[in-house]
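Asker: return atomic coordinates for the entry below.
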Amino acid sequence: MSSNADIYHEIIVDYSRNPINYGKIEDHDVTFHDSNPLCGDSIDIDLKINDEKVTDIKFHGKGCAICMACSSVLTEITKGKSLDDVRKIEKNDVLSELGLEHLQAVRIKCALLSLKVLKSALYTYLGKHLENSQDMDKLKDEAANLY
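Answerer: You can find the predicted model right below:
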């Protein structure tokens, strides 16, 4: 392994053993759950939203080291961002933080489960707060083109 690969491996192991933002938000504004049955990963994400910003985010569940590490990184990236900025988070924003840009296809679902859950939670929240059907159609198109 190269020294960069060693460093990323250590970071992934550390995040999996000591996840950041792990837990529940009891008075959340939205929560969402999804799982990856192929690996056994199962993640819930809770969001607290004030003034169109994510003021708190937590995840809970179980997963492999890659899933837990990516969930931790994603919550760090998300906290404090506007809802528009959260909508713009892409898979490489998470993968590059952990040196996983060239992850094998079989593990990509592990790495991106938390992003899928976050976007689903966000779209659920936005869907409940949209005022016209044109915005809802745009939101549905955005959600359909995620992956």
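
Asker: counting residues per helix, which one in the protein is longest?
Answerer: As far as residue count goes, and with DSSP state H defining each element, the longest helix of the chain is helix 105-129.

Asker: buried sites along that helix?
Answerer: 109-126 (16 or more other CB atoms under 10 Å). In this view, the C-beta of every residue, glycine as well, is placed from N, C-alpha and C.

Asker: low pLDDT regions in this structure?
Answerer: Per-residue confidence for the chain (pLDDT under 70) gives these ranges: 1-5, 130-137, 139-140, 142-147.

Asker: please enumerate the strands of it.
Answerer: Taking DSSP state E as the test, the strands found in the chain are 30-36, 41-50, 53-62.

Asker: could you give the bridge partners of His33?
Answerer: Asp44 (DSSP bridges).

Asker: correct me, but it touches Asp46?
Answerer: No: with contact taken as CB atoms under 8 Å, His33 and Asp46 are classed as non-touching, separated by 10.1 Å.

Asker: those two: which has the busier surroundings?
Answerer: Of the pair His33 and Asp46, Asp46 is the one with more neighbours under other CB atoms under 10 Å, namely 21 against 13.

Asker: ok, that one to Gly61 distance?
Answerer: Look at Asp46 and Gly61: by CB to CB, to the nearest Å, they are 11 Å apart.

Asker: surely Cys110 meets Cys67?
Answerer: Yes: applying CB under 8 Å as the test, Cys110 and Cys67 come out as touching, 4.6 Å apart.

Asker: which neighbours do the two share?
Answerer: Any residue near both Cys110 and Cys67 by CB atoms under 8 Å, 6 or more residues apart in numbering counts here, and that gives Asn36, Cys39, Asp41.

Asker: give me the number of residues near the last one?
Answerer: The tally of other residues near Asp41 (other CB under 10 Å) stands at 23.

Asker: the first one too?
Answerer: Other residues within reach of Asn36, judged by other CB under 10 Å, total 18.

Asker: that one: what's it in contact with?
Answerer: Listed by CB under 8 Å, 6+ apart, the contact set of Asn36 reads Ser42, Gly63, Cys67, Lys109, Cys110, Leu113.

Asker: now for the closest residue to the first one other than its chain neighbours: which residues touch it?
Answerer: This points to Ser42. By the measure of CB to CB, 6 or more residues apart in numbering, the closest residue to Ser42 outside its immediate chain neighbours is Ser35, 4.1 Å from it. When contacts are counted by CB under 8 Å, 6+ apart, Ser35 touches Asp41, Ser42, Ile43, Gly61, Leu113.
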